[in-house]
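> Okay, predicted coordinates and the sequence, questions at the end:
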Amino acid sequence: MKATLKDKAASFSFVLPALIIFSLFYIYPFIYSFILSLTNYNMIGKFNLRESFVGLQNFKDIASDGDWWKAMYNGAFITFWALSFQNILALMLALSISQVVRMNKFYRVVFFILPILSEIVIGLLLRRLMLSEPTGHDILNHIVNNLGLGFLAQDWISGERVRLITALVHCWKGFGWAFVIFLAGLQAIPEQLYEAARIDGANAWQSFRKITLPLLMPVITLIMVITIIGTMSAFAMILALNQGAGGETTVPIMIIYNHLGTGLAGLACAEGLVLGVTLILISFTMFFVSKKVRKKYGLLPD
Amino acid sequence: MACCQTKKIVTLIILHTFLLSVALSCIFPFLWMVNASFKTNTEFNSDYGLKPASSLLLDNYNQVIIKSGFWRYFVNSLIYTFTTVILIVFISSLAAYSFSRLQFPGKNIIFYMFLAAMMIPLPAGFVPVYVLLQQLGLLNRTGYVLAMSNMGLSISIYLLKTFFDQIPRDLEDTAKIDGCNKIQTWWHVGMPLVTPALGVVIIFNALNVWNEFILASMIFVEKKFMPLQAALLQYSGEQITNHVLIMTALTVTALPIIVLYIFMQKQFIKGITAGATLK
């Protein structure tokens, strides 16, 4: 009996380092952020719950903070474009690439360059490409004019369409991984299904509508959930690209980052909780809806 | 028959035009970036960096890497990435091995805890972590590496555990009979068998640390400790008019990753999609 206890202790010690790091940097901060969110702790001096406790004041402040809700709107706007434009583009690319043999590998390699690079690199690179000041050099406008697309020329990083441009840059950076996941999902669909459909006289659109789309539903849900979470937590690319463009492209994480930077830890925690809970609710809803859809298509047993 | 043939060719042309235009949009900015890094600022200002560089001018590289200290940021990034990845590989493979092979009370609960951490999005998790580090007096390299190790931990444990679950136990049983203890079995028998999964874990985490910005920019106020991403943003603010220097700094940061990726595409794609599909 004693030997087994020692044995169990030895086995447990394998998990111990992971458990220590995890408790210290995940569980503790997780609980801590609930407590901090009820305080006005400003990171000066030791944390004292009794002195800094303000109840739900932070949440009341957030509820009436126009900048915060503007940022949530901006995030939702970019997410809308990522969900629609980015993911439809990724799906179209995945469908197209499964039809071509020549240069197939080249396309795959190239489409995946952007996701592996950092948000800062992409943001700064495009900032310099789109910059029109202070040197007076409109590089992108110059290119656009030379391509005969002069009507597109504009102020790319602080003009009136900056929110849309930021959303499109975000889509451009992100379509690659959605493309890879779509491609894996497409390859998992058995070829016989398409052959059977062809024999039955189905055209391309019908086989897409009746085979590809329903069988891709789980992948689509997954991509949508990751897109929402990923886009709402994006921030570094926008910071590098246009620094929020005076509020037009400020996203929630940018506000949290700035508040924490000025020491408003309690408020930043409360904002983080509001954002986190929103995202969790959205992803659970998505999985629920997708389950319903799959049931309707008869893809789930029962 | 001839009509079908033409239809096929037209379809192919449309598909290739679509794919090629997207591919060019991905490549062009980087060609422009590398090209501009070989130009003088005057040259850049006259041709927008669009004409091919006339010579391989290395002045910008000298300026960025040596004089502006990017070698230091590069080394910092390497150190943070390397130490974090080593830590994660050891800690997560020990835990994964234990979850897959060993028995101890509370095993399932602890495993599900890691699993739950993987599923729940904490977009602003850096806030309490930063406050915690400040209170522990760990706003330094140690604190950064520890916090970053935690970020990749759950997913690495999950990946390695599923991999351990798939390999047969016969070899380990033999090792046990030969008198290996648990640590020896893990290191000599278990680890070599999961090398493919380790590759994915290493690349996923290395990219994560190399590209991390938020926590790094908050922790490292002093320039000499900054990793590349934080230094880049600051440098861009300092060199507002000097485009070619920024292009050089961006090349120094991005090109090694791109080259590495071209040589190890499969591992990179697996690493990224493993991260994306499990988060």
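Looks like it came in fine.
> residue in chain A nearest to chain B?
Chain B sits closest to residue A:272 of chain A, with a gap of 2.7 Å, by Cβ to the nearest Cβ. Yep, even glycine has a C-beta here, placed from its N, CA and C like the rest.
> Now do the helices in the stretch 51-200 of chain A.
Ranges of helices in the stretch 51-200 of chain A, per DSSP state H, counting those that start in this stretch, are A:57-63, A:66-81, A:87-97, A:104-111, A:113-116, A:119-130, A:139-146, A:162-187, A:191-199.
> ok, back up a step: the residue of chain A closest to chain B - that's part of a helix, no?
Yes: counting by DSSP: H, G, I helix; E, B strand; the rest coil, one finds residue A:272 located in a helix.
> Enumerate every residue touching it.
Contacts here follow Cβ atoms under 8 Å, 6 or more residues apart in numbering or on different chains; on that basis residue A:272 touches A:33, A:37, A:256, B:122, B:123, B:124, B:125, B:127, B:128.
> Now with 6 Å, please.
With contact set as Cβ atoms under 6 Å, 6 or more residues apart in numbering or on different chains, residue A:272 has these partners: A:256, B:124, B:127.
> Where does the residue nearest in space to the middle of chain B fall, secondary structure wise?
Centroid check for chain B by Cα atoms, centre = their mean gives residue B:207 as the closest residue, at 0.1 Å. With elements delineated by DSSP states H and E, residue B:207 resides in helix B:195-211, which encompasses its position.
> helices and strands around the very next helix or strand once past that helix, which ones?
Next along the chain after helix B:195-211, taking DSSP H and E as the criterion, comes helix B:214-219. With contacts defined as 3 or more Cβ pairs under 6 Å, 6 or more residues apart in numbering or on different chains; DSSP states H and E, helix B:214-219 has these neighbours: helix B:126-136.
> ok, back up a step: from the contacts of residue A:272, which is closest to residue B:241?
When the contacts of residue A:272 are ranked by distance to residue B:241 (Cβ to Cβ), residue A:256 comes first, at 31.7 Å.
> For the host helix or strand of the closest one, list every residue counted as buried.
In the assignment (DSSP H and E), residue A:256 maps to helix A:252-261. Judged by neighbour count using 16 or more other Cβ atoms under 10 Å in any protein chain shown, the buried positions of helix A:252-261 are A:252, A:253, A:254, A:255, A:256, A:257, A:259, A:260.
> Quick one, grab the pLDDT at the first one.
So that's residue A:252. With respect to pLDDT, residue A:252 scores 95.
> give the contact list for it.
The contact partners of residue A:252, taken as Cβ under 6 Å, 6+ apart, are A:71, A:72, A:75, A:275.
> Return only those of these found close to chain B.
Filtering the contacts of residue A:252 for proximity to chain B (criterion: Cβ under 6 Å from any Cβ of the partner chain) leaves residue A:275.
> what does the average pLDDT come to for the helix holding residue B:207?
Helix B:195-211 shows a mean pLDDT of 91.
> what's the angle from it to helix A:119-130?
In this structure, helix B:195-211 runs at an angle of 50 degrees to helix A:119-130, with axes from the mean of the first three to the mean of the last three Cα atoms, to 10 degrees as the basis.
> Show me what helix B:195-211 is packed up against.
Here helix B:195-211 touches helix B:70-101, helix B:141-166, helix B:265-278, going by 3+ Cβ pairs under 6 Å, 6+ apart.
> Quick check: which of the ones you listed is nearest to residue B:53?
Comparison of these against residue B:53 by Cβ to Cβ identifies helix B:70-101 as nearest, at 19.9 Å.
> who does whichever helix or strand comes after the closest one touch, helix- and strand-wise?
Scanning the chain past helix B:70-101 towards its C-terminal end, the next helix or strand to appear is helix B:107-119 (assignment: DSSP H and E). Applying 3+ Cβ pairs under 6 Å, 6+ apart, one finds that helix B:107-119 contacts helix B:141-166.
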